[in-house]
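> with the input below, show me the fold.
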Amino acid sequence: MRLSAIPIVLCFCFLALLAYYAVRQEMVLQRVRNHVQVVTEEVQKAERKRVQCKEKIQELSGPLSSAADKTNDLTKAKTDVLKAEREFLNNLQACNTHKAEITKSKNASDENLKKLKADQEKEKKAAEQQTRRLKEKISERDKKLCQFVDLKNGEGRKLCGNAQAPK
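Next up, the predicted model:
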């Protein structure tokens, strides 16, 4: 019987060892399940946060895309304004050049006009002097002629300046 007790004791030891490993394995599995459950909850929280972030990104990307469109529109408007400004400056420069030419022409015309007026004044004065000299000559001639004219005659009186007949 002693001999048969050794295999039975060995079987009980082996059975106890198997039970110990089974309990130990069950405890490890329970820890792993708990850990998986905690990790799953953390993953779900992270997924919810990711979804929330994605929604916020979509919310913020809407104004950003409209702001980008506005920026593009403003850039185009700025380009158009700069182009119009260049055209305006070119037109202004052409107008200033034309104005300078016209001013030169006007100044030249003014100088010619002043010269013509000065020449006209000189000619007028010369004509007046000549007219005066001619009047003086005519007056002298008339005086000389009046010495020989009969004042009793009406035409003679008109010529010599006496309108009345002598008494």
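
> give me the distance between residue 20 and residue 27.
From residue 20 across to residue 27, the span is 11 Å (Cβ to Cβ, to the nearest Å). In short, each C-beta sits where N, CA and C put it, glycine included.

> any residues in contact with both of those two?
Among the neighbours of residue 20, none is also in contact with residue 27 (Cβ atoms under 8 Å, 6 or more residues apart in numbering).

> which strands or helices does the helix ranked longest in the chain pack on?
Using DSSP state H, we find that the single longest helix of the chain is helix 2-148. For helix 2-148, the helices and strands in contact under the criterion 3 or more Cβ pairs under 8 Å, 6 or more residues apart in numbering; DSSP states H and E are helix 154-160.

> who are the packing partners of the helix it packs on?
helix 2-148.

> and the helix it packs on, what's its mean pLDDT?
Averaging pLDDT along helix 2-148 yields 91.

> now do that helix: distance to the chain's middle.
How far helix 2-148 lies from its chain's middle: 11 Å, per Cα atoms, centre = their mean, to the nearest Å.

> kindly export stretch 63-80 (C-alpha atoms) in PDB.
The C-alpha atoms that make up stretch 63-80 are tabulated as PDB, following Å, rounded to 0.1, in the frame of the first residue of the first chain:
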ATOM      1  CA  PRO A  63     -14.500  80.200 -41.600                       C
ATOM      2  CA  LEU A  64     -10.900  79.600 -42.700                       C
ATOM      3  CA  SER A  65     -12.000  78.500 -46.200                       C
ATOM      4  CA  SER A  66     -14.300  81.600 -46.400                       C
ATOM      5  CA  ALA A  67     -11.400  83.700 -45.100                       C
ATOM      6  CA  ALA A  68      -9.100  82.100 -47.700                       C
ATOM      7  CA  ASP A  69     -11.600  82.900 -50.400                       C
ATOM      8  CA  LYS A  70     -11.800  86.500 -49.100                       C
ATOM      9  CA  THR A  71      -8.000  86.700 -49.000                       C
ATOM     10  CA  ASN A  72      -8.000  85.500 -52.700                       C
ATOM     11  CA  ASP A  73     -10.600  88.100 -53.600                       C
ATOM     12  CA  LEU A  74      -8.700  90.800 -51.800                       C
ATOM     13  CA  THR A  75      -5.500  89.800 -53.500                       C
ATOM     14  CA  LYS A  76      -7.200  90.000 -56.900                       C
ATOM     15  CA  ALA A  77      -8.700  93.400 -55.900                       C
ATOM     16  CA  LYS A  78      -5.300  94.600 -54.800                       C
ATOM     17  CA  THR A  79      -3.800  93.400 -58.100                       C
ATOM     18  CA  ASP A  80      -6.600  95.200 -60.000                       C
END
